[in-house]
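**Q** Here is a sequence with its predicted model. Questions after.
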Amino acid sequence: MITVRKFTPALAVLTLAWGCASAAAASSAAAPAAATEMTAAAAESGVEALYTAGQARRGEAVYDRVCLECHTRTEFRERPFLFAWEGTSVGQVYRYIAENMPDDGPGSLPESSYLDAMAYILEMNGYPAGDSELTADVSRMDSVPFEGHGSSRP
């Protein structure tokens, strides 16, 4: 019997290839008070905080420089993207992006750029920011389910 999981990579490729459009740049770095507020939100929601607000801002810059060439911001928080990845882990999403993006040079960015971009994708999907940056500890990322938590940023 074929399971939905076997189709996830193909659906993910279609989802990531879906839009090649640009979007306006978002606001600049978040204030330290916002990071504290996000940390409190993590405690209230019970969702693990995997990245910092500053890391998400760096990720937004990576996204603007590299990803917007082919992907809209909304693409990463719309239902097709979530459908493709819900039930997997943050680590699986991270590995896919790090190994397959950008399309014209898969795996060509520094590891820090992939981590920062992943932090921004987490932020776009409503994961709260915390006090520690997302690191390449894939076993930690694998322990966190990837799911939409609402959107905290446009």
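**A** The structure has been received and is ready for your questions.
**Q** Just the element for R140, please.
**A** With elements taken from DSSP states H and E, the one containing R140 is helix 138-142.
**Q** Same question for that helix: list its buried residues.
**A** M141 (16 or more other C-beta atoms under 10 Å). C-beta coordinates here come from the backbone N, C-alpha and C atoms, glycine included.
**Q** swap in stretch 76-91?
**A** F76, R77, F81, L82, A84, W85, T88, S89, V90, G91.
**Q** thought the fourth one was touching G126?
**A** No - contact status for L82 versus G126: not in contact, 10.6 Å apart, counting by C-beta atoms under 8 Å.
**Q** Identify the contacts common to these two.
**A** Both L82 and G126 are in contact with G148, where contact means C-beta atoms under 8 Å, 6 or more residues apart in numbering.
**Q** follow-up on the earlier one: in helices only, show me the buried residues of stretch 76-91.
**A** Judged by DSSP state H, the buried residues of stretch 76-91 include F81, L82, A84, W85, V90, G91 as members of helices.
**Q** where does this structure dip in pLDDT?
**A** For the chain, the stretches flagged by pLDDT under 70 are 1-45, 150-154.
**Q** need the helices for it, in chain order.
**A** 4-17, 32-45, 53-65, 79-85, 90-100, 111-124, 138-142.
**Q** Quick one: end-to-end length of stretch 68-85, please.
**A** Distance between the two ends of stretch 68-85: 20 Å, counting by C-alpha to C-alpha, to the nearest Å.
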